[in-house]
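Visitor: Got a predicted model here, sequence first, then my questions.
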Amino acid sequence: MGSSAQRSSTLTTNVADLVDSSANRPEVSFIGSMPVYVKELIAGGAAGGFAKTAIAPLERTKILLQTRAEFRSLGVGQSLNKVLKNEGFFRILQRKWS
């Protein structure tokens with residue numbers, strides 16, 4: 001093969017060639033070529049999915065506070081902790097799809 005100095009020099013040259021050639025290639029962007037309404041549709045769907053995921057544990061806690069007596073005496077914070085401890089976060093997210 002060669003000495004470690006030669007291998008290091010070759011690696012440095014290869015990395016430098018890669019960086020230089022990537023700067024000369026045009027950047028391919030699918031987002032820039034999309035119509036505005038498609039971008040807005042994707043952004044709205046992502047925002048809706050994120051909002052539903054973030055609110056699901058709070059909705060579950062709200063329903064339990066309204067329907068079960070043992071949760072009413074705890075309050076919102078302790079009820080949320082109890083739900084997350086007993087059911088787990090992923091179990092609550094699984095319920096949101098139904």
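Guide: Here it is on my side, so go on.
Visitor: Regarding this structure, what is its longest helix?
Guide: If you go by DSSP state H, the chain has its longest helix at helix 36-67.
Visitor: And it, what does it pack against?
Guide: Judged by 3 or more CB pairs under 8 Å, 6 or more residues apart in numbering; DSSP states H and E, helix 36-67 is in contact with helix 69-72, helix 76-87, helix 89-96. C-betas here are computed from N, CA, C, even on glycine.
Visitor: Let's have the ones you listed in CSV, adding distance to T61.
Guide: Shown next, in CSV, are these (distance: least, CB to CB, whole Å):
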stretch, distance to T61
helix 69-72, 8
helix 76-87, 5
helix 89-96, 9
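Visitor: and of these, who's closest to F50?
Guide: Nearest to F50 among the helices and strands packed on helix 36-67 is helix 89-96 (12.1 Å), distances taken as CB to CB.
Visitor: Next one: P35 from L41, what distance?
Guide: Applying CB to CB, to the nearest Å, the value for P35 to L41 is 10 Å.
Visitor: between these two, who's got more neighbours?
Guide: The neighbour count for P35 versus L41, taken as other CB atoms under 10 Å, is higher for L41 (12 against 8).
Visitor: Mean neighbour count added to the helices and strands packed on helix 36-67, as a markdown table?
Guide: Shown next, in a markdown table, are these (neighbours: other CB atoms under 10 Å):
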| stretch | mean neighbour count |
| --- | --- |
| helix 69-72 | 12 |
| helix 76-87 | 14 |
| helix 89-96 | 13 |
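Visitor: of these, which approaches K62 most closely?
Guide: Counting by CB to CB, K62 lies closest to helix 76-87 out of the helices and strands packed on helix 36-67; the figure is 8.3 Å.
Visitor: and the closest one, what does it pack onto?
Guide: If contacts are counted by 3+ CB pairs under 8 Å, 6+ apart, helix 76-87 sits against helix 36-67.
Visitor: Let me know the angle separating the helix it packs on from helix 76-87.
Guide: 100 degrees (axes from the mean of the first three to the mean of the last three CA atoms, to 10 degrees).
Visitor: what mean pLDDT does helix 36-67 have?
Guide: Helix 36-67 shows a mean pLDDT of 88.
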